[in-house]
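Chemist: just to be clear, the model below is a prediction. Sequence and coordinates:
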Amino acid sequence: MNFLEDYFGIAKSGSTLYKELVAGITTFFAMSYILFVNPMILSETGMDKSAQFTATALAAIFGTLVMGVYARLPFALAPGMGLNTFFAYTMCLFLGHSWHFALGVVFVEGVIFFLLSIFDLRRIVVNLIPRSLQLAFCPGIGLFIASVGLQQAKIIEMHENSIKFGQITDPNVLLACLGILVIGVFYVKKIYVGMVVGIIVLTIISLSFGLTQIESFFSLPPSVSDIMFAFNFSEILSYDFICLVLLLLSVDIFDTMGTLLGVSNATENLANKDGSPKNIRKAFVADSLATVFGAMVGTNTTTTYIESSTGVSVGGRTGITSIVTALCFVIALFSFPMLLAVPPAAVSAMLIFAGYNMFMSPALKNMDFKDYSESVPAFITMIVMPFSHSIVDGISFGVLSYVLINSASRNLQKISTGTYLIAIFFAARYVILPN
């Protein structure tokens, strides 16, 4: 007990061991949906869904343990929502690359992120893109995720020349709508395990009507041998590879920074006097190492979860919270058979609310909507992501519109040399690779 107090400073942080345990369990339940959602999204690329379950759990366990033991902060990590859709729908399905290629992009991005974190050089990447566009990333990705959820649930159907509502009598559509209703009620009541409860309710209904089935509750975790270290670096010097690494790196850094700032400043004892999160460099190191490890075991970018705020809200203040969350993921690692019973409609409902969570991030509150030279490019960034089904295009159009609008308006002082260079980089992509 003295060791825990000396190393983590439980009492000094205003917490107790009991609060840390409760906080860790709370955080796990708030984010455990990723164990069901991530494998289903990444399986769209051809990756084995069962192997993805194990890889998702392993990445969460490793990243959360490093955050707890090394950074001593109550933040949990797992393969990121938004980043998994970027992996599956943008890199693989939209651009046509293999998942081996995409894993290579994630690994290289993680290594660069780690080096930037070790030497505290993350500001180099941050300063390339204007702050207003950085604030637009999270809401834009949220809209993108929600649109994917609506389409996967067949609530909205995309046709070649039109967008239509789906058949409301379709059992899967009805099940997805019920999931949205259940989770929505829990959100209104501020019960943070709403997503997990939604999965359970929809799974019970699905089992009752024979839409899915379950053979057992626990088993040894599936092997990741087919996806572990399955990188393809043959195109590492290609335009697409370099562009995707830079974009993924910027999104990863901004996403992590936003989560750390948002959660740390929402409570006491987690932020410094200047408002910056405590141990921020170590937190970035933990986050980047988790991405490298996640890529090695075969999953998408691992990042710090905003759901960590649920554990913090019930008293979590130290790394013990994260360690408890990681142990919960260890137990969940043996629950793979239950994944098979989760209906796709439940995942669709989760995506819609995960999109809501990202759209309603603190970023929107910090945006200056009265300055049109900032807000218009930010708006373009947000709307292009869901309509183009590409986070890459959203960021690209945002940067290009920012440079063009401010240049034409003679606001040249707003545009840094780095922003000009990255705008040229994006413009070249559309000239050289128009499709």
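Modeler: Thanks, I have it. Numbers count the residues shown, from 1 in each chain.

Chemist: all contacts plus neighbour counts: C-alpha atoms, from now on.
Modeler: Noted.

Chemist: do a quick rundown of the strands in the stretch 1-150 of the chain.
Modeler: 77-79 (DSSP state E, counting those that start in this stretch).

Chemist: just name whatever secondary elements the longest helix belonging to the chain is in contact with.
Modeler: Using DSSP state H to assign secondary structure, the helix with the most residues in the chain is helix 239-264. On a contact count with 3 or more C-alpha pairs under 8 Å, 6 or more residues apart in numbering; DSSP states H and E, helix 239-264 meets helix 99-118, helix 122-126, helix 131-152, helix 280-297, strand 302-304, helix 308-313, helix 391-408.

Chemist: comparing those, which comes out most buried?
Modeler: Highest mean neighbour count among the helices and strands packed on helix 239-264 (mean count of other C-alpha atoms under 10 Å): strand 302-304, with a mean of 30.

Chemist: sheet partners, orientation included, of that one?
Modeler: In the sheet, strand 302-304 lines up against strand 77-79 (antiparallel) (DSSP bridges).

Chemist: can you tell me what sits against the partner strand?
Modeler: Strand 77-79 has contacts (C-alpha atoms under 8 Å, 6 or more residues apart in numbering) with 34, 38, 56-57, 59-61, 63-64, 67, 287, 290, 294, 299-305.

Chemist: reformat the helices and strands packed on helix 239-264 as a markdown table; add mean pLDDT and distance to residue 235.
Modeler: Converted to a markdown table, the helices and strands packed on helix 239-264 look like this (pLDDT from 0 to 100; distance: least, C-alpha to C-alpha, whole Å):
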| stretch | mean pLDDT | distance to residue 235 |
| --- | --- | --- |
| helix 99-118 | 96 | 8 |
| helix 122-126 | 65 | 23 |
| helix 131-152 | 83 | 27 |
| helix 280-297 | 95 | 17 |
| strand 302-304 | 94 | 23 |
| helix 308-313 | 82 | 36 |
| helix 391-408 | 90 | 18 |
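
Chemist: what is the mean pLDDT for stretch 42-50?
Modeler: The average pLDDT for stretch 42-50 rounds to 94.

Chemist: tell me who's in contact with the nearest residue in space to residue 44 that is not next to it in sequence.
Modeler: Leaving aside its sequence neighbours, residue 44 sits nearest to residue 88 (C-alpha to C-alpha, 6 or more residues apart in numbering; 6.6 Å). Applying C-alpha under 8 Å, 6+ apart, we find residue 88 in contact with 41-42, 44-45, 99.

Chemist: repeat for residue 199
Modeler: 33, 179, 342, 346-347.

Chemist: let's see 6 Å
Modeler: By C-alpha atoms under 6 Å, 6 or more residues apart in numbering, the residues touching residue 199 are residue 346.

Chemist: now name the helix or strand holding it.
Modeler: helix 194-208 (DSSP states H and E).

Chemist: next one: residue 306
Modeler: Counting by DSSP H and E, residue 306 is found in no helix or strand.

Chemist: next: residue 157.
Modeler: Secondary structure assignment for residue 157, by DSSP H and E: strand 156-158.

Chemist: what about residue 298, how many residues nearby?
Modeler: Look at residue 298: counted by other C-alpha atoms under 10 Å, it has 31 neighbours.

Chemist: do residue 3 as well
Modeler: Neighbour count of residue 3, defined by other C-alpha under 10 Å: 8.

Chemist: ok, residue 154 - contacts?
Modeler: By C-alpha under 6 Å, 6+ apart, the contact set of residue 154 is residue 166.

Chemist: low-scoring stretches of the chain, by residue?
Modeler: Across the chain, residues meeting the criterion (pLDDT under 70) sit at 1, 122-127, 160, 192, 262, 265-267, 274-276, 361-363, 432-435.

Chemist: most neighbours, which of the contacts of residue 88?
Modeler: Most surrounded of the contacts of residue 88: other C-alpha under 10 Å gives residue 99, at 27 neighbours.

Chemist: report the separation between that residue and residue 107.
Modeler: Counting by C-alpha to C-alpha, to the nearest Å, the separation of residue 99 from residue 107 is 12 Å.

Chemist: kindly report the same for residue 328.
Modeler: According to C-alpha to C-alpha, residue 328 and residue 107 sit 26 Å apart.

Chemist: got it, and residue 241?
Modeler: With C-alpha to C-alpha as the criterion, residue 241 and residue 107 are 12 Å apart.

Chemist: cool, and residue 72?
Modeler: 25 Å.

Chemist: one step back: and the buried ones among the contacts of strand 77-79, selectable in PyMOL?
Modeler: A single PyMOL command selects the buried members of the contacts of strand 77-79 (16 or more other C-alpha atoms under 10 Å):
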select buried, resi 34+38+56+57+59+60+61+63+64+67+287+290+294+299+300+301+302+303+304+305
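
Chemist: what angle do the longest helix of the chain and helix 99-118 make?
Modeler: Interaxial angle of helix 239-264 relative to helix 99-118 (axes from the mean of the first three to the mean of the last three C-alpha atoms, to 10 degrees): 50 degrees.

Chemist: tabulate the helices and strands packed on helix 239-264 (a markdown table), appending distance to residue 425.
Modeler: Listed next are the helices and strands packed on helix 239-264 as a markdown table, based on distance: least, C-alpha to C-alpha, whole Å:
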| stretch | distance to residue 425 |
| --- | --- |
| helix 99-118 | 18 |
| helix 122-126 | 14 |
| helix 131-152 | 17 |
| helix 280-297 | 25 |
| strand 302-304 | 26 |
| helix 308-313 | 36 |
| helix 391-408 | 9 |
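
Chemist: cool, thanks, signing off.
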